[in-house]
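Chemist: need coordinates for the below:
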Amino acid sequence: MDTPLTAAHWIYLAGIVVILLTMAVRKNIVVPAVTATLLTAWAFSGSLITGLSAIFNASLTAAKELFNIFLIIAIVTAMLGALREMGADRMMVTPFRRVMRAGTSSFIVLAIVTYVISLFFWPTPAVPLVGAVLIPVAIRAGLSPMSVGMVIAIAGQGMALSSDYIIKVAPGISAKAAGVDPDSVADKAMVLSLIVGLTALGITYVMQRRTWRNPSPELLVEWENAAERRGVGDDDEDSPSGGPAGSPSATAGSNGRKPAPAGPTVTDGPTRSDGDTAVATVKAVKAAAIVEAIVDTGAETGEQEPKKLSAKVFALLVPLVYLAFIVYLLLGKFTNVVSPLQGGDAAAIVGGLAAMLLFAAAATNDKRNFLETSSQHVVDGLVFAFKAMGIVLPIAGFFFIGNGDFSAAILGMPADATGPAFLFDLITAAQSHLSPNPVVTAFAVLFVGLIAGLEGSGFSGLPLTGSLSGALGPVVHMDPSTLAAIGQMGNIWSGGGTLVAWSSLVAVAGFARVPVLSLARKCFLPVMAGLVLSTVVAIIIF
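Modeler: From the prediction side, this is the model:
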């Protein structure tokens, strides 16, 4: 029987459509999200007051759910700021240069390391680990920040999490709802996740290669200053400086020479027909001037020499600390020597280690003002996290109002009340209209998974896709475990952190220092192509 739909359901659905269309035309979606939150709450409660309060409550609820991500971004950013102050950030990347010497090798290493760590421990601890150690190496090797973000999101949040082959939480949920063997779902999900991931990574490689640049230490400086210099909201995300790949700063070679200013371009000004290119070139020249000033100042003051030993110590200490933590995780996973850690616990330890390293680096770098500099780095990290990711809160709030776990608090209902599940109700109502054709059914289950993931949770839609698979599989003569694996792909690739900007993709964007909405847009084509291909393969071979 169809689920009865109210005006609030249709308004919520209209809000989703408007948000998707707004994203498609590359516009900011905060206003549509807030407006849709107001109208949905108003229609449900019949009270304008409730609708207005829901705007605040939705963002507050989202902040409560996402603050752990904000906090770990802030702490790791603060730690990197302290390391940068003593020059340890550059020294830390030196050992990886033998492998990550150029864009292609960095792309491959980054994908493999992220995938392996995420497969064993979920992406939650993997992102800060990779962000603290390997992202700076990849940037120095010439990868654009957007490429880095896409690789980490696809390999970790998508390819590893969508199979969840080691921990097997996702296959367990899907299998239980579908009434099939968990191992059957896990095996099929593993194959499909590799098809989606490798396809998406291949497309990303082709699409992003034009944005890569020659290896140079100055790329690291540009990247570290990019968010503050050009503004996080800029959509000119393909290169750290905001300039094109052929700009002066982009052509800096591996010999570490300073970028040469492009005098004619600056003196002419942005009078050419391609105004955007001219403006971007001016930005690139400004970035070159900043890099030159930093290098010259350090050379003139001679302040780097006394810090050289401490910088070397911390350049070695930070990777060793995180390597020891990985060993600890492995011991917990495969032995009884230590207690196993998963998900949030592991991420919390990553944040705690970053805080201790921050304090140690600040004390070593400036003993007299250690207390002040430590707190200042923390403040800078928090400012960066909220400046970069604060836009996500009202957007996530709208999608949370469609989730029964959060809607009661947003709508001001009593604590023991059950809130409406607008998104779940809409999907349930649509399932009776699915065609019995196997191909149509498979893609319909994929679509349901994608839509269910719009609320930003990678696992919340698995009971729904699993239930649909168990019910529809026998009707269309398909193995329910195959349909469950297809639905799992759609739900986790969407809500797990590759397609939805208000999911854990926030963390990836924060560490890569790129606009989260731009990262979600860039991931859309590669991931969707992979999902379509994997669904076709599943229909044929399973």
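
Chemist: list the contacts for the nearest residue to L129 once chain neighbours are set aside?
Modeler: Distances taken as Cβ to Cβ, 6 or more residues apart in numbering place Y322 nearest to L129, at 5.6 Å, with adjacent residues excluded. Glycine gets a C-beta too; all of them are placed from N, C-alpha and C. Y322 makes contact with 129, 132-133, 350, 353 under the criterion Cβ atoms under 8 Å, 6 or more residues apart in numbering.

Chemist: go on, G156?
Modeler: Applying Cβ under 8 Å, 6+ apart to G156 gives the contacts 114-115, 117-118, 123, 126-127, 130, 497, 508.

Chemist: and it, how far from A88?
Modeler: With distances taken as Cβ to Cβ, to the nearest Å, G156 is found 26 Å from A88.

Chemist: equivalent analysis for S494, please.
Modeler: Distance of S494 to A88, computed by Cβ to Cβ: 38 Å.

Chemist: pLDDT score for F459?
Modeler: With respect to pLDDT, F459 scores 75.

Chemist: name the element L331 belongs to?
Modeler: L331 is part of helix 308-334 when elements are defined by DSSP states H and E.

Chemist: tell me the buried residues in that helix?
Modeler: The neighbour-count check on helix 308-334 (16 or more other Cβ atoms under 10 Å) flags 310-315, 317-319, 321-322, 325-326, 328-329, 332 as buried.

Chemist: could you do stretch 473-485 as well?
Modeler: 473, 476, 478-485.

Chemist: give the buried residues for stretch 368-383.
Modeler: Those would be 370, 373-374, 377-378, 380-382, for stretch 368-383 by 16+ other Cβ under 10 Å.

Chemist: now the terminal residues of stretch 430-447, how far apart.
Modeler: End-to-end span of stretch 430-447 (Cα to Cα, to the nearest Å): 11 Å.

Chemist: just give me how far that stretch sits from the chain centre.
Modeler: On the basis of Cα atoms, centre = their mean, to the nearest Å, stretch 430-447 sits 30 Å off its chain's mean C-alpha point.

Chemist: stretch 131-140 now?
Modeler: From the chain centre to the centre of stretch 131-140 is a distance of 15 Å (Cα atoms, centre = their mean).

Chemist: what is the burial count for L71?
Modeler: Look at L71: counted by other Cβ atoms under 10 Å, it has 16 neighbours.

Chemist: ignore the last one, L20
Modeler: L20: 12 surrounding residues under other Cβ under 10 Å.

Chemist: before we move on, what about L517?
Modeler: By other Cβ under 10 Å, the residues close to L517 number 24.

Chemist: so, low pLDDT: which residues of the stretch 401-542 of the chain?
Modeler: Applying pLDDT under 70 to the stretch 401-542 of the chain picks out residues 431-432, 434-435, 457.

Chemist: so what's M528 up against?
Modeler: Each residue near M528 by Cβ under 8 Å, 6+ apart is listed here: L499.

Chemist: offset the numbering so it begins at 684, please.
Modeler: All right, first residue 684 from here; so that's M1211.

Chemist: what residues of the helix or strand encompassing it count as buried?
Modeler: If you go by DSSP H and E, M1211 is part of helix 1199-1224. Going by neighbour count (16+ other Cβ under 10 Å), the buried part of helix 1199-1224 is 1199-1206, 1209-1211, 1213-1214, 1216-1218, 1221-1222.

Chemist: could you do stretch 1062-1082 as well?
Modeler: Quick answer for stretch 1062-1082 (16+ other Cβ under 10 Å): 1063-1065, 1067-1068, 1071-1072, 1074-1082.

Chemist: any idea of the mean pLDDT for it?
Modeler: What stretch 1062-1082 shows for mean pLDDT is 82.

Chemist: again with stretch 854-874
Modeler: 88.

Chemist: circling back: and the buried residues of stretch 1051-1066, which of them are in helices?
Modeler: Judged by DSSP state H, helices contain the following of the buried residues of stretch 1051-1066: 1053, 1056-1057, 1060-1061, 1063-1065.

Chemist: tell me the one among those residues nearest to G729.
Modeler: Taking Cβ to Cβ as the measure, G729 sits nearest to L1065 out of these, at 39.4 Å.

Chemist: was I right to think the closest one contacts A757?
Modeler: Yes: between L1065 and A757 a contact is recorded at 4.4 Å, counting by Cβ atoms under 8 Å.

Chemist: re the thing from before, distance to A741 added to the buried residues of stretch 1051-1066, as JSON lines?
Modeler: Below are those laid out as JSON lines (distance: Cβ to Cβ, whole Å):
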{"residue": "F1053", "distance to A741": "41"}
{"residue": "T1056", "distance to A741": "37"}
{"residue": "S1057", "distance to A741": "35"}
{"residue": "H1060", "distance to A741": "32"}
{"residue": "V1061", "distance to A741": "28"}
{"residue": "D1063", "distance to A741": "28"}
{"residue": "G1064", "distance to A741": "26"}
{"residue": "L1065", "distance to A741": "22"}
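
Chemist: among those, which one lies nearest to I712?
Modeler: L1065 (24.3 Å).

Chemist: quick one, what contacts the closest one?
Modeler: With contact taken as Cβ under 8 Å, 6+ apart, L1065 is in contact with 753, 757.

Chemist: distance of it relative to F1194?
Modeler: L1065 is 15 Å from F1194, by Cβ to Cβ.

Chemist: residues near T1018, how many?
Modeler: Look at T1018: counted by other Cβ under 10 Å, it has 9 neighbours.

Chemist: residues touching it, list them.
Modeler: Residues near T1018 by Cβ under 8 Å, 6+ apart: none.

Chemist: from Y1011, how far off is it?
Modeler: Note on T1018: its distance to Y1011, by Cβ to Cβ, is 11 Å.

Chemist: please apply the same query to A1154.
Modeler: A1154 sits 43 Å away from Y1011, going by Cβ to Cβ.

Chemist: any low-confidence regions in the stretch 734-883 of the chain?
Modeler: 773, 776-777, 779-780, 804, 807-808.
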